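> Sharing a sequence plus its predicted fold:
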Amino acid sequence: MNLDQSLDRLARTAGYAAFGVLGAAVVALALARGLSPAQAVVYEAFYLLLGPWSATETASVLHITAVGALAVAVPVLVAEYVAGDRLRPVAVGATVALAMLVVVSVVAAFLGVLGFPTVAVAVAVVAAAATAGLRRARVSRGATVTFAGSLPVLALLLVLLGVGLGWGGGYEVVAEPTDAGADRPAADLSDAPEVRADLFAAPDEDGVYRLGLRDYDRERQAARALDDRGVRCPFVNTPSNPVYDPDASFVAEHDGQYYRVSCVAYGD
């Protein structure tokens, strides 16, 4: 191989690597906004099964992993279309990789182990499997280099996910003193005695009781008890367009005093 051929090969390699980085970044930026409404759908689907914060965590993870997988797949597919003839195996592999990430995330959510470490390990395993798969499928050098170039963008998305999952947002059940229950029956939360005890454990200086649902052991029971009385926590990731009525509430009685109970989201 002469010098001109070596320089041409080097230039092509650098070009595909740059395409991997820029292509993945452009796709990620477009899909991050385009797929954002799906978070509310996931939140609603998992709300009663997991509880509000766990459903929010699941929605965030599925959103970012889908964005990351597609951000890597699209430039690789384009590169293979231009430089090779193994487009179908690449498309199948990308579909399988995305499906694996979704399944692992959902299973981890139900097992209570979903979080940044779990997602990071899952993505690393899938990325390693994808690297081996590309070699086994004998895809073009251009697609392989593009895949390698897209990985830093995937890593950045994981960092953003870690920051997002570690932020200070969450949900609180709030019980505020009211006279509104004097003329109608008040709920006693007898079907969720542990949640009732935790909610009315200790008031703040204004006589308001608060129960944080993030990392709460009985998050699911609390969500179901509230839902049975017409209250669901508004989705914290879209406060301006909540899935459920943020003003929904019911009246409960505790030690002869009536309280208006609602669920509020905090953080942005």
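Sure thing, it's come through. Numbering: from 1, shown residues only.
> excluding its backbone neighbours, what's nearest the residue nearest the centre of the chain?
In the chain, the residue lying closest to the centroid (C-alpha atoms, centre = their mean) is Ser60, at 1.4 Å. Spatially, and ignoring its direct neighbours in sequence, Ser60 is nearest to Gly164 (5.7 Å; C-beta to C-beta, 6 or more residues apart in numbering). From N, CA and C alone the C-beta is placed, and that goes for glycine too.
> Look up how far Val27 lies from the one you found.
19 Å (C-beta to C-beta, to the nearest Å).
> Could you do Gly168 as well?
Taking C-beta to C-beta, one finds Gly168 at 30 Å from Val27.
> before we move on, what about Ala71?
In terms of C-beta to C-beta, Ala71 sits 4 Å off from Val27.
> Strands along the chain, start to end?
170-177, 209-212, 250-254, 257-266 (DSSP state E).
> Among the ones you listed, which comes closest to Ser105?
Evaluated with C-beta to C-beta, these place strand 170-177 nearest to Ser105, the distance being 19.8 Å.
> mind saving the C-alpha coords of that closest one as PDB?
Extracted C-alpha coordinates of strand 170-177, given in PDB (Å, rounded to 0.1, in the frame of the first residue of the first chain):
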ATOM      1  CA  GLY A 170     -40.100  13.700  43.200                       C
ATOM      2  CA  TYR A 171     -43.600  13.600  44.700                       C
ATOM      3  CA  GLU A 172     -45.300  14.300  48.000                       C
ATOM      4  CA  VAL A 173     -48.600  13.400  49.500                       C
ATOM      5  CA  VAL A 174     -49.800  16.600  51.300                       C
ATOM      6  CA  ALA A 175     -52.500  16.700  54.000                       C
ATOM      7  CA  GLU A 176     -53.500  20.300  54.800                       C
ATOM      8  CA  PRO A 177     -56.000  21.200  57.500                       C
END
